[in-house]
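1. sequence and predicted structure are below.
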Number of protein chains: 2
Amino acid sequence: MNILQKQRLSFRALIPKGIKKLREVSLLQIPNQHKENSILESLFPLTYSQGCYHFVPSPTKISGKLRLGVFFSGGQAPGGHNVIAGIWDALQEIDPESMLCGFLGGPSGVVDAKYRELRQIDIDQVRNMGGFDLLGSGRTKIETPEQISAAMETCQHLRLDGLVVIGGDDSNTNAAILAEAFLAKGCETKVIGIPKTIDGDLQSEAIEISFGFDSACKTYSELIGNIGRDALSAKKYYHFIKLMGRSASHIALECAIATHPNLCFIGEERKGLSLIVQEIADLVEKRSHKGKEYGIILIPEGLIEFMPEMKILLDELNRGEISSSSQAVFESLPEKIQKQLTQEKDPHGNVALSQIETEVLLIEKVKEELKKRTSYKGKFSPVPHFFGYEGRACYPSNFDATYCTVLGRLAALAVRDGATGVIASVQHLTDPVENWDFRLIPLVEMMHLEERKGKQKPVIKKTLVDLEGASFRWFAARRKEWELADDYQNPGPIQFFGGADLTDTVPEQLRLRLLRMP
Amino acid sequence: MNILQKQRLSFRALIPKGIKKLREVSLLQIPNQHKENSILESLFPLTYSQGCYHFVPSPTKISGKLRLGVFFSGGQAPGGHNVIAGIWDALQEIDPESMLCGFLGGPSGVVDAKYRELRQIDIDQVRNMGGFDLLGSGRTKIETPEQISAAMETCQHLRLDGLVVIGGDDSNTNAAILAEAFLAKGCETKVIGIPKTIDGDLQSEAIEISFGFDSACKTYSELIGNIGRDALSAKKYYHFIKLMGRSASHIALECAIATHPNLCFIGEERKGLSLIVQEIADLVEKRSHKGKEYGIILIPEGLIEFMPEMKILLDELNRGEISSSSQAVFESLPEKIQKQLTQEKDPHGNVALSQIETEVLLIEKVKEELKKRTSYKGKFSPVPHFFGYEGRACYPSNFDATYCTVLGRLAALAVRDGATGVIASVQHLTDPVENWDFRLIPLVEMMHLEERKGKQKPVIKKTLVDLEGASFRWFAARRKEWELADDYQNPGPIQFFGGADLTDTVPEQLRLRLLRMP
């Protein structure tokens, strides 16, 4: 075992005072205030009207051992193991006879009854470690009546008081459906959601940020900072750095705020391909006139889907009917990208978006554009990068390690006190940990209806970057200056020791967003 | 300025006791013991016979201010700024009236007299920072008689007592030539080399390791460790990770020792392409039979040049005459690689090796091979990565920060005491810093003769991975086990605070190599 691993295994997250002593805290339900939505009400008749829960200092009347199940759903996010450690610690405190059962390989572990009972030694091996390897993960959903019945059977067979779902927007939508179905069928198992995703798109007034976002962005920012310092010394490459995050550009924005690249595109601005290419070519030309033949450009993975003409092309390719304008767009693309658009299909037969190298697309188009410009005589040497897997399973930062431990603790408390169909939420994350506050938010409250295949489906909407929000505005106010000034910042590797100002920082966006609240 | 940057700027490297008080240490020349080489002697008549210098506790008789110049040469390596800080600190101690002049943009800065005098504030801004951005760097050599004359003129105009060359094997060869030429022409400027390169190929009995290797490898190992943890959780990708290091595979070996991948190829084993493809396909198949459809494979950047059939093909492509056996090899390559071999040329008209995506070559060939195997029914999802720029300019580890500060100090002492044509060397790097020992090694001693364009040229040979050495043997004894066992290690991000066992670790190879010495 390496030394950092050993040291991190012995790190213990601070527990906020509000939930320090579990016997002295109880749930208090506040009547719900959400707008009426008759369709949602008809879909969730039993959980629709429940309110938000607060944790209040009041001796609990509930005691006795608990039996809990937990699983990971979807892509990894640093801190997942700490959610489980938080549940474990709380169960030990509530009643050491309690049982925690881990379902293997994601949601399918519940359906197929693949699980193992966790022991202290399991927890001791993964606390503050990245990855989801204690249980594995998966992307199956528990959706069909058969799957739901099978899941219920597993929960009943194991006599589970609660099932904790560690997942993103889809998995939490799923958790709400399960909670409702279990209640309807008289299954005692409560279902509690935990907001996970490095993408940062599971955030709202209720959820300040999903866990994992902080650690992943800090790892990517370390690398971008290093590359910036390299560019500034070598002075000869344009680094096109694509960052994970398909549906929203939060990761790119967070990394831009931390590292000050020359350009960072935010998908939500919905710029077209040709405008983006023009902007990059303009940058390269302007910098070349200043003798600077290098730069740093950040590209969110999902950028291509936000480009209006590409979005139309993608939709038409998926439908198999190409309009003449889309045909022209297609023909303007580099051969390599044309192949990726037509040859790679996802399991649903759609264009496999994850296979499209947007960074290469932009590089090739910018090369073409620069060749056309007689005003440009520089040397353009682009280098593509893609960061994703490098940060999804890193050691969680102190922020994520602590946040996740608290989320796990809240989930255990929720089950103890009988809440279901709720997601654990920590408030005031920029305050000292001691003072964090907590809620259980009804998942139905976070839902809206979307038409999918002609049907109204309840979903938790992915939160896009808010172009009126504090973070984007902070970035937008500075980006012009960054184009030429080389104000590259190098935040360096995540530090676990040293002063709290170094080790316990919160995500930049959280700081900026909350700074502006009254 | 971010918090880590602020904290690192105030970090001060420990100074070994042997060179703590500069007034109490002097150079002592030990008669040289190198084998006679009449060609080398004829090329370096003035510096050939000098011996190695030790630093001994003896009050110095030399005093007075010094005037030094310094430049970076070639690719960046973490710690470069600390060499300059080390020189600066020593000059301040020797005589605060001393002058330190930084040449801009590499060796050409000396030829073209582009420089700036450094001040305390410059040093204060870069101490313990990565990159070479204080001065920039370049790859020009000072070779032709005109260049040498111009360089000498600059040094004489600035009345430099010494010129410090921070560079790799080529730059240090160049330093030896300059030292000899300056002596021959009666120029007073001493020339001192500093062993720099992340590649680790500038090492020998005299030079335990070049600076920068430690920090770069630790950064790459952080990422490989994260990806390993990811693979273990996601269980669905084969990560093909190419690592910088063209001429030798030290970086890949170091990272393998730190992270325990399923496979790591070492170029120096000189395996052919088809054998390598077979080995990977065998791994994938064996793991698939165990239900493991994921893995981590490390590939040194220079692997392709070590493959016997590819080496012949490359040589023939460069000469423009393709034999029929090479034609067959060429035709067996994926189209993309064929294009890279024929379309991209380096400035000398040769195949641009840096443009060849060896990781993609291997992925495509393994795909082909797996399709042929009826015994394999798994799902092979490969993901390519290339790490280089991510680690060349990172914050130097404590090891590199301290090592470099000491190297700078040695260079200043060398100039003070009149040595020239030598490289600064620190011995016993695995001992506590306090006890490190020092030498100035005559550069000529590190040289041998190589035929280049029909002429015998003196060069410092790049040191390849020693297949009989302790590091390779340690790796070779374990790699079979790593293939199936998933013994992935995650060393995590470089830590600067916490216990010395965490922050002050030395490169794994150094530890292994020196462990086995009597």
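-> Good, I have the coordinates. Residues are numbered from 1 along each chain as shown, chains lettered A, B, ... in the order given.
2. spatially central residue in chain A, please.
-> residue A:197 (2.3 Å; CA atoms, centre = their mean).
3. list the contacts of it.
-> A:74, A:75, A:77, A:167, A:168, A:169, A:210, A:212, A:213 (CB atoms under 8 Å, 6 or more residues apart in numbering or on different chains). Every residue, glycine included, has its C-beta placed from N, CA and C.
4. with adjacent residues omitted, what lies nearest to residue A:313?
-> If the residues on either side of it in the chain are set aside, residue A:313 comes closest to residue A:326, at 4.5 Å by CB to CB, 6 or more residues apart in numbering or on different chains.
5. what residues of the host helix or strand of the one you found count as buried?
-> In this structure, residue A:326 sits in helix A:324-331 according to DSSP states H and E. For helix A:324-331, a neighbour-count test (16 or more other CB atoms under 10 Å in any protein chain shown) marks A:326, A:329, A:330 as buried.
6. name the member of the contacts of residue A:197 with the most neighbours.
-> Counting neighbours by other CB atoms under 10 Å in any protein chain shown, residue A:77 leads those with 34 neighbours.
7. that one - nearest residue in space that isn't next to it in sequence?
-> Excluding its sequence neighbours, the residue lying closest to residue A:77 (CB to CB, 6+ apart) is residue A:212, at 2.4 Å.
8. my read is that that neighbour contacts residue A:196, right?
-> Yes: at 6.0 Å, residue A:212 counts as touching residue A:196 under the criterion of CB atoms under 8 Å.
9. follow-up on the earlier one: how distant is the helix holding residue A:326 from the center of its chain?
-> 34 Å (CA atoms, centre = their mean, to the nearest Å).
10. for stretch A:287-303, same thing?
-> Put simply, stretch A:287-303 sits 26 Å off its chain's centre (CA atoms, centre = their mean).
11. tell me the buried residues in it?
-> For stretch A:287-303, the buried set under the neighbour-count rule, 16+ other CB under 10 Å, comprises A:287-288, A:292-303.
12. in strands only, show me the residues you listed.
-> Those of the buried residues of stretch A:287-303 mapping onto strands are A:295, A:296, A:297, A:298, A:299, A:300, per DSSP state E.
13. setting the sequence-adjacent residues aside, check what's closest to the second one.
-> Closest residue to residue A:296 apart from its sequence neighbours, by CB to CB, 6+ apart: residue A:261 at 4.0 Å.
14. which of the three states applies to the one you found?
-> What DSSP: H, G, I helix; E, B strand; the rest coil gives for residue A:261 is coil.
15. how does chain A divide up, domain by domain?
-> Under the assignment automatic domain parsing, the domains of chain A span A:64-212+A:396-423+A:439-460, A:215-391+A:467-493+A:506-512.
16. of these, which stretch is the most buried?
-> domain A:64-212+A:396-423+A:439-460 (a mean of 23; mean count of other CB atoms under 10 Å in any protein chain shown).
17. quick one: it to chain centroid distance?
-> The chain centre lies 15 Å from the centre of domain A:64-212+A:396-423+A:439-460; the measure is CA atoms, centre = their mean.
18. next one: stretch A:422-438
-> 18 Å.
19. start to end distance for it?
-> Using CA to CA, to the nearest Å, the end-to-end distance of stretch A:422-438 comes to 12 Å.
20. quick one: is that stretch near chain B?
-> No: Stretch A:422-438 lies apart from chain B when judged by CB under 8 Å from any CB of the partner chain; the minimum separation is 15.8 Å.
21. mean confidence for that stretch?
-> Averaging pLDDT along stretch A:422-438 yields 96.
22. buried stuff in it?
-> A:422, A:423, A:424, A:425, A:426, A:429, A:430, A:433, A:436, A:438.
23. now the two most distant members of those residues.
-> Pairwise distances across the buried residues of stretch A:422-438 peak at 23.3 Å for A:422 and A:430 (criterion: CB to CB).
24. neighbours around the residue of the stretch 251-400 of chain A found nearest chain B, how many?
-> Scanning the stretch 251-400 of chain A for the residue nearest chain B gives residue A:393, at 3.9 Å (criterion: CB to the nearest CB). For residue A:393, the neighbour count with other CB under 10 Å is 33.
25. so what pLDDT did residue A:344 get?
-> 79.
26. I'd say it and residue A:353 touch.
-> No: the criterion here is CB under 8 Å, and residue A:344 misses it with residue A:353 at 9.0 Å.
27. picking that back up, from the buried residues of stretch A:422-438, pick the one nearest chain B.
-> Chain B lies nearest to residue A:430 out of these, by CB to the nearest CB, at 15.8 Å.
28. the residue nearest to residue A:308 when sequence neighbours are not counted: what's it in contact with?
-> Nearest residue to residue A:308 in three dimensions, chain neighbours excluded: residue A:272, at 5.5 Å (CB to CB, 6+ apart). Contacts for residue A:272 (CB under 8 Å, 6+ apart) come out as A:307, A:308, A:309.
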